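A.B. asks: Starting from these lines, generate the structure:
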Amino acid sequence: DVGDGGGGGRRATGVVDGAHDAAPRAMMCVFEGERRRRDVGDGGGGGRRATGVVDGAHDAAPRAMMCVFEGERRRRDVGDGGGGGGNDGSESESDESESEAYELRVGMAYGTRVVVAEWRGMDAVRVDDDDDDDDGEDDAMDSDDEYGGYSSSSSEDDIKRMKRRRERPLTPAKMIELKDDATPHTGIIRVFKVSDDGKWFITAGDDKMVKLWSTDSWTCARTVSMPKKVSAAAFTRDSKHYFCADKFGEVHSCAVDDRADPVLVLGHCSTIITDLECMAGGKTGYVLTGDRENKIRVSVMPKPEDRMRFPGSAPEIQSFCYAHTAHVSCVRKVVQKPKVLEEWTTKDTFISASADSYLRMWDAASGKETDPGAAIAFNNGTIVDVATRYEGSHVAVALEGRDTLGVVHLTQFRGVPKLFLVGWGPKWQHAPQSIKFDRQMLLFGVGLKTNDDGSTSAVLMREGKVLDGLEITLSADEAAGKSLTTCFTKKIMSEDQRNSRKKDRRDVKLKRKAEEQL
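C.D. replies: Numbers count the residues shown, from 1 in each chain. Below you'll find the predicted structure:
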């Protein structure tokens with residue numbers, strides 16, 4: 001449509017000397033159909049501002065969650081329960097097969113219910129170099145296929161040991177009776193966390209109640225009422241306190257051994273906190289809080305004596321982490337071996353995941369990515385959970401609606417910590433919504449299955465296979481709701497629509513009524 005094609009400073013006037021002088025120009029348009037993704041929503045943002053639960057948490061479908069309660073291990077030759085480096089030679093193996101008494105306690109929360117079950121089994125840990133499968137092939141030959149790459153950096157002895165643990169037979173599940181107080185949960189449970197020492201766990205959710213449970217007696221030790229619906233929570237590393245975040249962006253501190261009222265310790269300005277984690281680092285540790293506005297705040301952990309002393313006094317902000325383009329779905333601390341950390345230039349690292357499908361690794365002290373070029377994009381859907389192994393070598397990534405897990409290796413190049421995508425693990429029977437490694441590096445997860453009558457059941461899986469005995473079933477009405485991605489996406493409204501909504505807010509009505517009375 002331009003005369004001489006932009007030439008030499010000459011002013012363009014469109015069609016010059018009549019249309020017969022202009023050559024025809026080829027033009028195009030792209031007509032894009034609606035994307036058909038299994039995980040709903042806009043697939044992770046594209047710069048669109050993300051929020052928490054819109055129009056109340058009742059819009060969000062209940063999510064299945066789990067915790068692993070690990071008792072003291074009864075082995076003579078292992079200290080950390082991980083076995084990551086195999087036998088260190090401190091004790092020689094006898095000719096007879098050495099075994100340990102294995103106890104597995106797993107809890108699951110779905111809807112308004114919490115259940116805990118116990119399994120027992122015997123784990124033969126002696127490894128024979130000439131021990132082959134029935135088909136004549138060595139155990140290590142097919143372990144990578146079955147284990148989905150989690151053992152890619154392990155020795156052959158470790159691979160054989162891990163395979164035996166994965167296939168270990170368990171006794172039938174024994175249900176553990178939980179003794180609740182007079183105020184059971186009436187709203188959907190959104191938080192289910194266990195303390196590092198394994199002695200306590202908390203449940204919280206839409207009913208604004210935070211319940212502290214003891215794993216010694218399996219009773220509810222205390223119920224705390226919060227001003228807003230609880231969206232995230234975590235125990236401190238010393239297990240003396242627990243922090244609870246609500247949908248208004250405030251974080252309150254509660255003492256485990258004290259019945260004092262919760263104390264406001266920090267907050268995000270008018271935004272929903274989507275996840276909360278406590279990690280080691282600095283002088284006293286860090287508190288990690290991710291929110292709907294795509295950012296992560298790193299706060300200095302208050303000293304134990306200060307966590308309940310100064311209501312409303314926010315701890316020092318160490319850093320902010322900016323890179324995600326959608327709400328932060330989870331933040332996870334990285335627990336690494338001291339020998340490995342000696343080679344890392346960044347010691348205080350953590351991992352974050354977002355609805356933008358990216359997995360990133362951060363330096364908590366500076367708020368910068370350890371290697372921005374190493375961020376991993378899972379273009380297959382929204383990341384809903386991340387599990388880190390205790391010895392710090394691998395990370396499992398669960399995506400919404402996908403029955404295979406992403407496998408990520410934590411490595412370093414010239415001292416710089418990096419994330420490396422190994423591949424995809426084996427297929428699970430149901431798409432997991434929550435995943436956890438135990439200290440023996442076995443991977444557990446909970447997923448949902450739809451029954452013939454339309455109800456939905458949350459089931460527990462070990463390495464992708466369902467463990468019988470632990471199941472929670474909700475009716476079709478109880479399980480109905482939007483996915484987390486949809487609920488964490490902000491509605492686009494005009495100014496008139498926004499003002500109309502404000503008129504119907506409860507606080508505005510109360511203010512108007514008070515003014516009329518005056």
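A.B. asks: and Gly198, how many neighbours?
C.D. replies: 17 (other CB atoms under 10 Å). Backbone N, C-alpha and C define where each C-beta goes, glycine included.
A.B. asks: distance of it from Gln336?
C.D. replies: Relative to Gln336, Gly198 is positioned 21 Å away (CB to CB, to the nearest Å).
A.B. asks: Who are the contact partners of the residue lying closest to Gln318 once chain neighbours are set aside?
C.D. replies: Nearest non-adjacent residue to Gln318, counting by CB to CB, 6 or more residues apart in numbering: Val298, 4.4 Å away. Going by CB atoms under 8 Å, 6 or more residues apart in numbering, Val298 touches Tyr286, Val287, Leu288, Ile317, Gln318, Ser319, Phe320, Cys321, Ala364, Ala365, Gly367.
A.B. asks: which among those residues gets closest to Thr236?
C.D. replies: Val287 (8.5 Å; CB to CB).
A.B. asks: What number of neighbouring residues does Ala314 come out with?
C.D. replies: Other residues close to Ala314 by other CB under 10 Å number 14.
A.B. asks: excluding its backbone neighbours, what's nearest it?
C.D. replies: Leu266 (4.5 Å).
A.B. asks: just Ser354 next, same as before
C.D. replies: Counting by CB to CB, 6+ apart, the residue nearest Ser354 is His324, at 3.9 Å.
A.B. asks: OK, contacts around the one you found?
C.D. replies: Asn294, Lys295, Ile296, Ser352, Ser354, Asp356, Tyr358, Arg360.
A.B. asks: And these, which is closest to Ala480?
C.D. replies: Nearest to Ala480 among those, with distances taken as CB to CB, is Ser354, at 25.9 Å.
A.B. asks: Quick one: residues contacting the closest one.
C.D. replies: Ser354 neighbours (CB under 8 Å, 6+ apart): Gly44, Gly45, Asn294, His324, Thr325, Ala326, His327, Val328, Ser329, Arg360, Ile383.
A.B. asks: distance of it from Asn294?
C.D. replies: As judged by CB to CB, Ser354 and Asn294 stand 7 Å apart.
A.B. asks: just Ser319 next, same as before
C.D. replies: From Ser319 to Asn294 the distance is 15 Å (CB to CB).
A.B. asks: Next: Ala387.
C.D. replies: Distance from Ala387 to Asn294, by CB to CB: 23 Å.
A.B. asks: With neighbour numbers in mind, choose between those two.
C.D. replies: Asn294 (23 against 20).
A.B. asks: Met226 touches Asp206, doesn't it?
C.D. replies: No. Here Met226 does not reach Asp206: they are 10.9 Å apart, not a contact under CB atoms under 8 Å.
A.B. asks: Check the burial of Met108 by counting its neighbours.
C.D. replies: 23.
A.B. asks: Under the pLDDT cut-off, which ranges of the stretch 401-518 of the chain? List them.
C.D. replies: 484-492 (pLDDT under 70).
A.B. asks: mind redoing it with 80?
C.D. replies: 481-494, 497-508 (pLDDT under 80).
A.B. asks: What segments of it are strands?
C.D. replies: Listed in chain order, the strands of the stretch 401-518 of the chain (DSSP state E, counting those that start in this stretch) span 406-413, 416-424, 432-437, 443-450, 456-462, 465-474.
A.B. asks: of these, which approaches Ala375 most closely?
C.D. replies: strand 416-424 (7.1 Å).
A.B. asks: Which strands or helices does that closest one pack on?
C.D. replies: In this structure, strand 416-424 makes packing contacts with strand 358-363, strand 406-413, judged by 3 or more CB pairs under 8 Å, 6 or more residues apart in numbering; DSSP states H and E.
A.B. asks: picking that back up, closest to Thr271 among the contacts of His324?
C.D. replies: Using CB to CB, those come closest to Thr271 at Lys295, 8.8 Å.
A.B. asks: follow-up on the earlier one: tell me the secondary structure for the residue nearest to Gln318?
C.D. replies: Put simply, Val298 is strand when judged by DSSP: H, G, I helix; E, B strand; the rest coil.
A.B. asks: Distance of it relative to Glu167?
C.D. replies: 41 Å.
A.B. asks: Check Lys179 too.
C.D. replies: Taken as CB to CB, the span from Lys179 to Glu167 is 35 Å.
A.B. asks: tell me the SS of Arg165?
C.D. replies: Strictly by three-state DSSP, Arg165 counts as helix.
A.B. asks: What is the neighbour count of Thr370?
C.D. replies: The number of residues packed near Thr370 is 22, by other CB under 10 Å.
A.B. asks: In contact with the residue nearest the centre of the chain, which residues?
C.D. replies: Among the residues of the chain, the one closest to the centroid is Asp385, at 3.4 Å (CA atoms, centre = their mean). Counting by CB under 8 Å, 6+ apart, Asp385 makes contact with Ser329, Cys330, Ala353, Val397, Ala398, Pro432, Gln433, Ser434, Ile435.
A.B. asks: Find the helix or strand that the first one is a member of.
C.D. replies: In this assignment (DSSP states H and E), Ser329 forms part of strand 328-333.
A.B. asks: Look at Ile296 and say how many residues are nearby.
C.D. replies: Ile296 has 26 neighbouring residues, counting by other CB under 10 Å.
A.B. asks: Enumerate the beta-bridge partners assigned to it.
C.D. replies: Gly290, Cys321 (DSSP bridges).
A.B. asks: One more: Ser253?
C.D. replies: Beta-bridge partners, per DSSP bridges, of Ser253: Phe243, Val263.
A.B. asks: And the closest residue to Leu178 other than its chain neighbours, how far from Leu460?
C.D. replies: Excluding the flanking residues, the one nearest Leu178 by CB to CB, 6+ apart is Trp218, at 5.3 Å. Remark: distance between Trp218 and Leu460 (CB to CB) = 18 Å.
A.B. asks: quick revisit: for the residue nearest to the centre of the chain, list each beta-bridge partner.
C.D. replies: Ala398.
A.B. asks: Show me where the stretch 201-350 of the chain has its helices.
C.D. replies: Secondary structure of the stretch 201-350 of the chain, counting by DSSP state H, counting those that start in this stretch: helices at 338-341.
A.B. asks: just the strands in it please.
C.D. replies: Using DSSP E, counting those that start in this stretch, strands in the stretch 201-350 of the chain cover 209-214, 219-225, 230-235, 241-246, 250-255, 263-267, 273-279, 286-291, 295-300, 317-322, 328-333, 349-354.
A.B. asks: Dump those into JSON lines; add distance to Trp428 as well.
C.D. replies: As requested, these are exported to JSON lines (distance: least, CB to CB, whole Å):
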{"stretch": "strand 209-214", "distance to Trp428": "28"}
{"stretch": "strand 219-225", "distance to Trp428": "32"}
{"stretch": "strand 230-235", "distance to Trp428": "25"}
{"stretch": "strand 241-246", "distance to Trp428": "30"}
{"stretch": "strand 250-255", "distance to Trp428": "34"}
{"stretch": "strand 263-267", "distance to Trp428": "37"}
{"stretch": "strand 273-279", "distance to Trp428": "23"}
{"stretch": "strand 286-291", "distance to Trp428": "26"}
{"stretch": "strand 295-300", "distance to Trp428": "29"}
{"stretch": "strand 317-322", "distance to Trp428": "31"}
{"stretch": "strand 328-333", "distance to Trp428": "19"}
{"stretch": "strand 349-354", "distance to Trp428": "18"}
